[in-house]
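Enquirer: only geometry, no sequence info:
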């Protein structure tokens, strides 16, 4: 069965420093993977998606993620954090029934 | 285009009361979903509808029913609300196996 694990419940970085949000997945086949973002008291927005094309995926707002099959990882990165990046981020995998399986989320805190 | 709309935005119920959450999408998507979001647990799928006329249980269907009224609309009903159903509810739609688009959510409190 497909599953996804976000390794950190909270990540705190200073404004202008790099961001790394970690996600490991479990899948018996080549998965489709997504990162969604949820700003406080807002809905969910797609940041980026991997669907077996290029392993380095670029998303909105300067975020990108790299699919590494050997490590079963799909970590989200950004070179320089901005205050507006403070939000909760979800790693998601599609299962064999085309349902989305969600990670528990990582809260990103940006220090001024 | 409005995308995915949900009503109401907020609701407070007493234990045992019933209510229906409404969802509509204008993107001509075949698939629609209902999720609940609780702190520290990500989103959990309650029910989904892969296409008009079909509905299936997700991870946490107990205490809920759904109706896919037509291609645009997918409603979620709580027949007898319980405090454990206090949550934020999100509706989403997609083309099959593709990214999902979410509504703004309904914050439900059951006293």
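Expert: Noted; the coordinates are in hand. Since this is a predicted model, take the numbers as computed values, not measurements.
Enquirer: hang on, residue B:84 in a helix?
Expert: Yes - the assignment for residue B:84 is a helix, going by DSSP: H, G, I helix; E, B strand; the rest coil.
Enquirer: contacting residues for it?
Expert: B:63, B:110 (C-beta atoms under 8 Å, 6 or more residues apart in numbering or on different chains). Where C-beta positions appear, they are placed from N, C-alpha and C, glycine not excepted.
Enquirer: Nearest to chain A within chain B, name that residue for me.
Expert: Closest contact between chain B and chain A, by C-beta to the nearest C-beta, is at residue B:42 (3.7 Å).
Enquirer: Surely that residue and residue A:100 touch.
Expert: No - using C-beta atoms under 8 Å, residue B:42 is not in contact with residue A:100, being 9.9 Å away.
Enquirer: More neighbours: which of those two?
Expert: The residue with more neighbours, out of residue B:42 and residue A:100, is residue A:100; 26 against 21, by other C-beta atoms under 10 Å in any protein chain shown.
Enquirer: Just grab the bridge partners of the more buried one for me.
Expert: residue A:94 (DSSP bridges).
Enquirer: ok, now the one 10 residues further on?
Expert: Counting by DSSP bridges, residue A:110 forms beta bridges with residue A:13.
Enquirer: try residue B:89
Expert: residue B:36, residue B:106.
Enquirer: Provide a list of residues in contact with it.
Expert: Per C-beta under 8 Å, 6+ apart, neighbours of residue B:89: B:6, B:21, B:34, B:35, B:36, B:37, B:46, B:76, B:105, B:106, B:108.
Enquirer: Can you add distance to residue A:107 and neighbour count and give these back as CSV?
Expert: Converted to CSV, the contacts of residue B:89 look like this (distance: C-beta to C-beta, whole Å; neighbours: other C-beta atoms under 10 Å in any protein chain shown):
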residue, distance to residue A:107, neighbour count
B:6, 24, 20
B:21, 26, 22
B:34, 24, 26
B:35, 19, 27
B:36, 19, 23
B:37, 14, 20
B:46, 24, 23
B:76, 27, 22
B:105, 17, 22
B:106, 22, 22
B:108, 22, 20
